[in-house]
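Visitor: sequence-free structure coming up:
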C-alpha cells in the first residue's frame, strides 16, 4: 500500500509516453527515459541511471520471455556478450564506489557518459537501415573466430557504457550485432540483444542500488505507466513512416546528448 500511495502521476505519464515510443519504434528506453528524468524532472543523474537500469531489467525480462518462447534468441551470441559485459559492469561499479559515489565528480562523470552515449546512439538509429544493407552485401567477409572475439569486446564496451549511463545496450548493441552477424535474422538479433540486456541491467542496477542511487517509488511509478505504454505502442507499429521516426528520434537524441555533454 505504501508504494501505491507514493505513485507519482507525472512519472506514470512519463512512463506511458516513453513506453509507447519504445513499443512503436524499438528504441531503447534508457535513451529516452534517463535524459527525461534528468532534464525535465531534475532527478540526480546517478539516481536516474540507477532507477532506469532496474526499470530496464524488469521490462526487458518480459521481452526475453516472449522472444525465448518464440525461439528467437541466439544464446551463443548472448553468452559471448555476457563474457565481456559482466566483468566490465562489476569493474565499473567498483570504480564508481572508489571515485566517490555519490559526489559532484560522479554526477559530472555520469552526465558526460550519458551525453556521449546519446551522441553515439543518434547516428546508429538514423543509419540503421543503411548499415543493415551494407552488412548483407559484405556477409561472410568476417571469420567466425573474429566475430566471436569482437562480440566479447562489444559486451565489455556495453558493460561500461550501460553502467555509467544506462544507454547503449539497445541501439548501439543492436547496430554492432547487425554488422557482426549479417546472416542472422533481425528477429533473432533483437531477441539476443534484449536477452543480453537483462542480466547486464540487473547487475548494474543492483550495483547502483548498493551505492544508494535508486528511487524505488519512482521506479514503480514508471513501470505502472510504461507497461501499458509498450503494449499500446506495439499496436501502432507501422503507423508512422519509418524514415520519419528515425530522423526525429536521431535529432532528439543528438540535441539531448549535446546538452548533457
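Guide: Received, thanks. These numbers were taken from a predicted model, which means no experiment stands behind them. Residues are numbered from 1 along each chain as shown.

Visitor: now the helices for this protein?
Guide: Assigned by DSSP state H, the helices in the chain fall at 2-5, 9-25, 29-39, 45-69, 75-99, 104-126, 128-137, 144-165, 171-180, 186-210, 216-235, 242-260.

Visitor: let me know which of these is tucked in deepest.
Guide: helix 29-39 (a mean of 26; mean count of other C-beta atoms under 10 Å). Heads up, the C-betas are built off the backbone N, CA and C, glycines and all.

Visitor: give the rounded mean pLDDT of that one.
Guide: Mean pLDDT, helix 29-39: 86.

Visitor: stretch 132-144 too?
Guide: Per-residue pLDDT over stretch 132-144 has a mean of 82.

Visitor: first-to-last residue distance for it?
Guide: For stretch 132-144, the first-to-last residue distance is 19 Å (C-alpha to C-alpha, to the nearest Å).

Visitor: just stretch 120-134 next, same as before
Guide: This stretch, stretch 120-134, spans 19 Å end to end (C-alpha to C-alpha).

Visitor: contacts only, for the nearest residue to residue 16 once chain neighbours are set aside.
Guide: Of all residues not flanking residue 16 in the chain, residue 225 sits nearest, at 3.7 Å (C-beta to C-beta, 6 or more residues apart in numbering). Residue 225 makes contact with 11, 12, 13, 14, 15, 16, 17, 18, 19, according to C-beta atoms under 8 Å, 6 or more residues apart in numbering.

Visitor: what's near enough to touch the residue lying closest to residue 190 once chain neighbours are set aside?
Guide: In this structure, residue 190 finds its nearest non-sequential neighbour in residue 174, 6.7 Å apart by C-beta to C-beta, 6+ apart. With contact taken as C-beta under 8 Å, 6+ apart, residue 174 is in contact with 124, 128, 189, 190, 193.

Visitor: now render those as TSV, adding pLDDT and distance to residue 164.
Guide: Below are the contacts of residue 174 laid out as TSV (pLDDT from 0 to 100; distance: C-beta to C-beta, whole Å):
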residue	pLDDT	distance to residue 164
124	87	18
128	83	23
189	87	24
190	83	24
193	88	19
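
Visitor: what is the nearest of those to residue 83?
Guide: residue 193 (15.5 Å; C-beta to C-beta).

Visitor: what residues are up against that closest one?
Guide: By C-beta under 8 Å, 6+ apart, the neighbours of residue 193 are 169, 170, 173, 174, 177.

Visitor: do I have it right that the third one meets residue 158?
Guide: It stands for residue 173. Yes: taking contacts as C-beta atoms under 8 Å, residue 173 lies within contact range of residue 158: 5.4 Å.

Visitor: shared neighbours of those two, anything?
Guide: 81, 196.

Visitor: nearest residue to residue 128 in space, please, no chain neighbours.
Guide: For residue 128, the closest residue by C-beta to C-beta, 6+ apart turns out to be residue 175, at 6.3 Å.

Visitor: next up, the contacts around that neighbour.
Guide: Shown in contact with residue 175 (C-beta under 8 Å, 6+ apart): 124, 128, 131.

Visitor: same thing with residue 247?
Guide: Residue 247 is in contact with residue 126, counting by C-beta under 8 Å, 6+ apart.
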